[in-house]
Structure formats: structure tokens, C-alpha cells
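Peer 1: what shape does this take:
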Amino acid sequence: MNKYRFIAIDVDGTLLDDKDHFNIKRFNTDVAKLTQRGYHVIIASGNSYDALTSIFKPCPLIKNFVAENGGRIIINGQPITGTPHSLATLQLLLTTIDKSFPTPDILSLSGESQTFIASQYRDVPVPYYPHHDYFDNLQEINEPIYNLNISWFRKQLAQSTIQSYVKRLNADNIQATYSGAYGIDILPAGVNKANGLKQLVKGAFNGHMNEVMAFGDTSNDIEMLQEAGYGYAMKNATADLLRVADGITLLDNNHDGVLNEIEKCFLSQRI
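Peer 2: All right, here's what the predicted structure looks like:
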């Protein structure tokens, strides 16, 4: 058996292509074979659990998730832990964003049961938020918030500009990270995919990060790839992730690059 028991897969830019599709049949076939051989496939994403349940609805064998960049852990389909923002922190962030940055093309809050979108963005299509509502002020929201996301997907700001905003946002109680799609995920301090994976792998399977092979494509995957036993960056990955990766996939996200690599590593006798 391969020395890596766990396969952690990012979603956007990794499993999904640039049109937000993936080869469901091939993925399900691979997951079934991996499960039969004793491997555990974990989805590790910046997406909300609500969005992930929609994306993976056609994939019944996928039951373990690190959602919200590590802010929520789901084992066997059951949320077991979460790290929410405080109301005071969220209020300060909204004020900072309003005063210090160009107006985002969308601003959303990932909650316990749905996504809350600032009311000025009612006209923005949000097919990637299956369940959502709109808010004018934080007092209207009565559930934990795990992530504040802002994106300039229409303005298409340079990644270097967005990364400069990430540095300005980071503070003792904040973990901001570039999330791809011209956006920033703003999380509570200490929340990242690596820490989320540690909790899941240890808590559910008594495993360790050196038994994880991880796949990602952008800045919010850095900690995960660094702490995994082996970290693969996608061929289409951002430069900062490529610098810390142990390996790079032969194919990009538009050509099933992650599935191609998983099949070579786990479903053949190469390793």
C-alpha cells in the first residue's frame, strides 16, 4: 500500500476546470477504487460546506471535508467543529474594506447554514452559493460566520495588488489569504487548510500529516502543501505555491491534471 493514506484535494482551480466543471464519472470511479484499497479522499477547499455539498452531490463516497480553508471540519458528512469570527472583528473588517480598498465586485459571509451577501450586490449572479440571503448590517445575521470573502472578479485586479491587500489585512486575530478568482478569504487567526486537515486526519483516522498527499493551485493551499507528506501544485498554480510544492502535475486543471496524477500515484504500481 502507498505510504500516503490520505489524499487532500482542493476544488477551484484544482479539481474544477476554468468553467467550474469536473469529470464526475472519472472522479467517482477513482474514488471508489481508492476507497476499496483503503485510502481516504478529503476535499480541502475555501468553499463553504453549503457550496461543497452542492458540488459533490453526484459523488456519494465523498463525505470528509475541510471547508472554509480549515474553518469547518466535516467527518462522514457531519460537521464536528468550526472556528467563527467574532462580531466585533467582522464589523472592523467591513469598515476597513469600505475605507481602505477599491469597492469589491462582491462581498460575502460564509455562515453556518448559508452565505450572506451584502445587499448592494443583489444584482450579481451567484450560482456558486446554493443557499444565500442578503444583509444590510451584521445584526441581521443570527448564526456563526466562518469566512469573509471579497473579490474583484470584474475589475480583475493584478494578483500582486490583491496580495498587497492581504498583507494589510493580516493581524493578530486575522488570517487573510489570496483565494484565486481575484479574491481574498478573511479567516480567524490560525485557520488554514493544514490545521483543518490535521484535526480531521487525527480525529477521524488517528493519522498524521506525513501520510497526506495534497493537491492545490493557489495561496490558500500553501500551508497544506508545506505540511503534507507530499504537496502537489497544479501546473496552472500561482507562483507562490509552485515555490513550496514537492511536485507539479503534468496536466493543468482543464485537462484532469489532479486525477491524472492520483491515478499514476495510487492506482498504478509506480510508487
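Peer 1: low-confidence regions, the chain specifically.
Peer 2: Applying pLDDT under 70 to the chain flags the ranges 1, 269-271.
Peer 1: please parse this structure into its domains.
Peer 2: 6-82+191-266, 87-188 (automatic domain parsing).
Peer 1: of those, which stretch is the most buried?
Peer 2: domain 6-82+191-266 (a mean of 20; mean count of other C-beta atoms under 10 Å). Placement of C-beta: from N, CA and C, glycine included.
Peer 1: what segments of this protein are strands?
Peer 2: All strands of the chain, identified by DSSP state E, fall at 6-9, 40-44, 65-67, 72-75, 78-82, 106-111, 115-118, 132-135, 145-151, 174-180, 183-188, 212-216, 230-233, 247-248.
Peer 1: can you list contacts of stretch 122-141?
Peer 2: 20, 47-48, 50-51, 53-54, 87, 90-91, 94, 105-106, 108-109, 111, 113-119, 121 (C-beta atoms under 8 Å, 6 or more residues apart in numbering).
Peer 1: any idea how far the closest residue to residue 153 other than its chain neighbours lies from residue 103?
Peer 2: Leaving out its chain neighbours, the residue that sits closest to residue 153 by C-beta to C-beta, 6 or more residues apart in numbering is residue 182, at 4.7 Å. Noted for residue 182: a distance of 13 Å to residue 103, by C-beta to C-beta, to the nearest Å.
Peer 1: who's in contact with the closest residue to residue 65 other than its chain neighbours?
Peer 2: Nearest residue to residue 65 in three dimensions, chain neighbours excluded: residue 74, at 4.1 Å (C-beta to C-beta, 6+ apart). By C-beta under 8 Å, 6+ apart, the contact list for residue 74 reads 49, 63-67, 80.
Peer 1: so where do the helices sit in the stretch 151-271 of the chain?
Peer 2: 159-169, 193-205, 222-227, 239-244, 257-266 (DSSP state H, counting those that start in this stretch).
Peer 1: how far is the fourth one from where the chain is centred?
Peer 2: In other words, helix 239-244. Per C-alpha atoms, centre = their mean, to the nearest Å, the displacement of helix 239-244 from the mean C-alpha position of its chain is 17 Å.
Peer 1: run through the neighbouring helices and strands of that helix.
Peer 2: helix 222-227, strand 230-233 (3 or more C-beta pairs under 8 Å, 6 or more residues apart in numbering; DSSP states H and E).
Peer 1: which strands or helices does the longest one pack on?
Peer 2: Under the contact definition 3+ C-beta pairs under 8 Å, 6+ apart, helix 222-227 sits against helix 193-205, strand 212-216, strand 230-233, helix 239-244.
Peer 1: next one: the last one
Peer 2: The contact analysis (3+ C-beta pairs under 8 Å, 6+ apart) places strand 230-233 against strand 212-216, helix 222-227, helix 239-244, strand 247-248.
Peer 1: OK, contacts around the residue nearest to residue 169 when sequence neighbours are not counted?
Peer 2: Sequence neighbours aside, residue 176 is the residue nearest to residue 169 in space, at 3.9 Å (criterion: C-beta to C-beta, 6+ apart). For residue 176, the contact set (C-beta under 8 Å, 6+ apart) comprises 165-166, 169-170, 184-187.
Peer 1: cool, residue 28 as well?
Peer 2: Per C-beta under 8 Å, 6+ apart, neighbours of residue 28: 58-59, 61.
Peer 1: out of these, who's nearest residue 5?
Peer 2: Distance to residue 5 across those (C-beta to C-beta) is lowest for residue 61, with 16.0 Å.
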